[in-house]
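> Sharing a model that was predicted from the sequence below.
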Amino acid sequence: MSKKILILPGDGIGPEIIAQAMKLLETLKHDFDLKITLEQGAIGGAGYDDCGHPLPEHTLKLAREADAILLGAVGGPQYDSLPRELRPERGLLGIRSALGLFANLRPAILYPQLAGASTLRAEVVSGLDIMIVRELTGGIYFGQPRGIRTREDGQREGFNTMIYTEAEIERIMRTAFDIALKRQRRVCSVDKANVLEVSELWREVAERVSKDYPEVSLSHLYVDNAAMQLVRAPKQFDVMVTSNLFGDVLSDIAAMLTGSIGMLPSASLDANGKGMYEPVHGSAPDIAGQDIANPLATILSVSMMLRYSLDEAALADTVDQAVSRVLAHGLRTGDIYTEGCERVGTQLMGDAVIEALRD
Ligand code: IPM
Ligand code: MG
């Protein structure tokens with residue numbers, strides 16, 4: 001049976017990187033017998049421009065009906081002055097929440113060909129293979145109460161609530177432990193239990209869940225230390241599991257270890273394995289429309305989609321190997337360029353990956 005894939009290009013560089021992923025999906029469909037149908041929808045600023053809302057009803061309906069979703073990026077300076085509930089980011093947070101996509105997997109893998117592109121020394125990052133498991137539908141991103149209010153003394157104050165139920169912590173822990181079983185069997189849970197009660201509970205539940213996984217070792221780090229360890233000695237990590245806000249920050253750090261944030265894909269999964277796939281980088285409005293954005297994070301997000309939602313692990317391997325070959329041939333977009341390589345644009349990089357599928 002054919003699987004329905006919803007494509008949400010979004011804003012900034014979103015449309016141009018998604019165009020490369022769509023070429024790839026069309027090739028997999030026509031030449032590799034992948035049974036898919038593609039549909040498109042508007043989200044973020046594009047949703048606002050089309051229908052006056054960053055997450056149009058119609059888009060959400062298509063998303064609910066889809067087997068998997070591929071998203072580009074959302075956001076742009078032209079939307080910054082809109083009321084908060086109409087800003088592009090609301091569309092992204094809204095779809096994550098509405099579909100219950102609580103488990104965000106962000107693999108930070110260093111392709112050996114890019115060891116020299118990282119701002120860290122090659123020996124610190126070569127061989128890097130970390131899976132960050134970020135809780136995505138709870139925590140301070142969604143906690144109530146929140147707002148900006150005026151106090152009796154006339155001062156305004158802004159406030160948010162970092163809140164997790166035991167059930168929310170437990171399910172993200174189970175995701176992390178299940179993933180660790182297929183890897184090096186080490187989970188590092190990141191929190192701020194020396195200060196925050198919500199983290200105290202987080203740690204307690206992590207310990208409890210770990211009893212069900214005797215083959216997996218569990219360690220804990222405070223988030224400040226974890227950030228430091230990520231740049232000091234990143235290879236100590238296998239699976240890192242953490243809350244929404246901490247995961248947002250740590251995954252950007254991890255991205256840079258791999259040479260460029262333009263290399264990092266992600267999967268956001270619900271309880272049944274339905275997923276939304278997106279590059280970790282944002283909409284980069286400053287370079288949009290110039291054919292210089294790196295499409296590899298989006299292409300690798302297609303690979304994650306094949307693996308996690310479409311049950312096509314062999315095809316996912318084919319895509320990963322094609323990316324690896326293109327890098328081995330020396331092709332680089334500007335963000336991962338080092339001397340002696342061939343600098344290419346977004347479209348050429350996309351074409352090269354498709355070409356390399358058959359090598
Ligand atoms: C991410 C992004 C989003 C987040 C923004 C765009 C709302 O930074 O996916 O990491 O904070 O989750
Ligand atoms: Mg982020």
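Noted; the coordinates are in hand. Ligands and ions are numbered 1, 2, ... in the order given.
> Mind exporting the C-alpha coordinates of stretch 153-173 to PDB?
Once non-C-alpha atoms are left out, stretch 153-173 reads as follows in PDB (Å, rounded to 0.1, in the frame of the first residue of the first chain):
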ATOM      1  CA  ASP A 153       3.900  48.200  41.500                       C
ATOM      2  CA  GLY A 154       3.500  48.800  37.800                       C
ATOM      3  CA  GLN A 155       6.500  46.600  36.700                       C
ATOM      4  CA  ARG A 156       5.800  44.100  34.000                       C
ATOM      5  CA  GLU A 157       7.000  40.500  34.500                       C
ATOM      6  CA  GLY A 158       7.300  37.600  32.100                       C
ATOM      7  CA  PHE A 159       6.900  34.000  33.300                       C
ATOM      8  CA  ASN A 160       6.800  30.400  32.100                       C
ATOM      9  CA  THR A 161       6.400  27.100  33.800                       C
ATOM     10  CA  MET A 162       8.700  24.200  33.500                       C
ATOM     11  CA  ILE A 163       6.500  21.200  34.200                       C
ATOM     12  CA  TYR A 164       6.600  17.500  33.600                       C
ATOM     13  CA  THR A 165       4.300  14.700  34.700                       C
ATOM     14  CA  GLU A 166       5.800  11.300  35.600                       C
ATOM     15  CA  ALA A 167       4.100   9.800  32.600                       C
ATOM     16  CA  GLU A 168       5.700  12.300  30.200                       C
ATOM     17  CA  ILE A 169       9.100  11.600  31.700                       C
ATOM     18  CA  GLU A 170       8.600   7.900  31.700                       C
ATOM     19  CA  ARG A 171       7.700   7.700  28.000                       C
ATOM     20  CA  ILE A 172      10.700   9.800  26.800                       C
ATOM     21  CA  MET A 173      13.000   7.700  29.000                       C
END
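> quick check: mean pLDDT across the one helix or strand residue 207 maps to?
Assigned by DSSP states H and E, residue 207 belongs to helix 197-210. Taken as a whole, helix 197-210 carries a mean pLDDT of 98.
> Run through the neighbouring helices and strands of that helix.
Helix 197-210 sits against helix 166-181, strand 186-191, strand 217-222, with contacts defined as 3 or more C-beta pairs under 8 Å, 6 or more residues apart in numbering; DSSP states H and E. The way it works is simple: take the backbone N, C-alpha and C, and place the C-beta from them, glycine included.
> Can you tell me which helices and strands the first one packs against?
Okay, so that is helix 166-181. strand 103-109, strand 129-135, strand 186-191, helix 197-210, strand 239-242.
> Can you check my assumption that residue 61 lies in a helix?
Yes: according to DSSP: H, G, I helix; E, B strand; the rest coil, residue 61 belongs to a helix.
> What is the burial count for it?
Residue 61 has 11 neighbours, counted by other C-beta atoms under 10 Å.
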